[in-house]
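Undergrad: pasting the sequence and the predicted model now:
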Amino acid sequence: MEPRRLVSFLVLASVFFAAGATEILAHGGYHSDTDKKMITVKTPVDGGIKEDIPAKYRLRYDRWKAELLATEFGRAQWDKYATNKNFLLTITVTNKKGKGAGTDKYLWDEAGNFVGATITLGDELNEGYPNPIYYPVMNSLSSGETSYSISGRILAAAKMSHEFGHVNQTATANRSFMQLQNSLMPVYTSIFLKNGRDTTDQKLVDLAKQMGGTPVEIWESREYWSEVNAMMYLKERISNEEYNCFVFNKIKQNVTTYAKEYEYRFDKQGTLSNSPCSK
């Protein structure tokens, strides 16, 4: 296992044992795509988007939401769930998430249809930049030593778009296979920690084949798909901003450096390779 994945797996392993596999902790203090337990409920008939926002966070939340809905892409993401009465998407804000966010409480009906989820946003969502290794898009908004000043509201909206990406993924996933992955990842982790961290152990090799990858590979794949969602939001939102090329060149650099094997996802429509910024 390559060094960055080994470090990530050790982080994931500690979380599996400390929190019963209910939360995956990403680098940079960003929590995402958390509890994947399969909860069965009756099919909603009055669904849509439920905004459960404490009064003290309402103003900042409305500002973040406004940035998301300032784009056609963001509005399409929002309307996809706001107009679906057979799906309940709950959005809330809490100080327990801080600068991060998470998506959990996935709901399924008796027929196996995905019918609900909860996105939880941290009360400081407009601050903090996740590590570039697994979050190449959100990290690109950190201005660093440049003179550019990028709005924290845009950062928050990008994080919201990332979370919508997790809901979108689950909506298209095979429920049985996802359930298999979630049930076997703790088993893999337990063996890994007991066998001297030997990923060539035949038991682990067999488990990885069943799951379609190691726990880190499964997790990072989910995160990278959601980062593509965040990138599509930014592509529209900052297209006329002076720092547009700075951000997209940084995304390209992050992807090339840390996620080369996933580069095709980020450049599926030529977003990076055909960008005028790269000319």
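TA: Good, I have the coordinates.

Undergrad: helix/strand/coil for W64?
TA: What DSSP: H, G, I helix; E, B strand; the rest coil gives for W64 is helix.

Undergrad: sorry, that was for V93
TA: strand.

Undergrad: was I right about it contacting Y57?
TA: Yes. Counting by CB atoms under 8 Å, V93 does reach Y57; the two are 4.2 Å apart. Placement of C-beta: from N, CA and C, glycine included.

Undergrad: which residues are in contact with both of those two?
TA: By CB atoms under 8 Å, 6 or more residues apart in numbering, V93 and Y57 have these common neighbours: D123.

Undergrad: now A82. Nearest residue, chain neighbours left out?
TA: Closest residue to A82 apart from its sequence neighbours, by CB to CB, 6 or more residues apart in numbering: I49 at 4.6 Å.

Undergrad: revised request: answer the last question for C245.
TA: C245 sits nearest to C277 (CB to CB, 6+ apart), 3.6 Å away.

Undergrad: and for the residue nearest to A82, the neighbour number?
TA: If you count neighbours by other CB atoms under 10 Å, I49 ends up with 17.

Undergrad: that one pairs with what?
TA: Beta-bridge pairing of I49 under DSSP bridges involves L89.

Undergrad: count of neighbours near the closest residue to Q179 other than its chain neighbours?
TA: Nearest non-adjacent residue to Q179, counting by CB to CB, 6+ apart: M38, 5.5 Å away. As a burial measure, M38 scores 15 neighbours (other CB under 10 Å).

Undergrad: what of the one 5 residues further on?
TA: The burial metric for T43, expressed as a neighbour count using other CB under 10 Å, is 17.

Undergrad: what sits against it?
TA: N86, D109, E110, A111, N113, V115.

Undergrad: and with 7 Å instead?
TA: N86, D109, N113, V115 (CB atoms under 7 Å, 6 or more residues apart in numbering).

Undergrad: quick one, phi psi at it?
TA: phi -60, psi 120 (degrees, to the nearest 10).

Undergrad: list the buried residues of stretch 137-152.
TA: V137, M138, N139, S140, L141, S142, I150, G152 (16 or more other CB atoms under 10 Å).

Undergrad: what separates the first and last residues of stretch 187-201, distance-wise?
TA: 13 Å (CA to CA, to the nearest Å).

Undergrad: which stretches of the stretch 1-150 of the chain have low pLDDT?
TA: 1-37, 145 (pLDDT under 70).

Undergrad: and the helices in it?
TA: Counting by DSSP state H, counting those that start in this stretch, the stretch 1-150 of the chain has helices at residues 3-19, 58-68, 72-82, 136-139.

Undergrad: picking up where we left off before, just the buried residues from the contacts of T43, in ChimeraX please.
TA: Here is the ChimeraX command that picks out the buried ones among the contacts of T43, judged by 16+ other CB under 10 Å:
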select :115
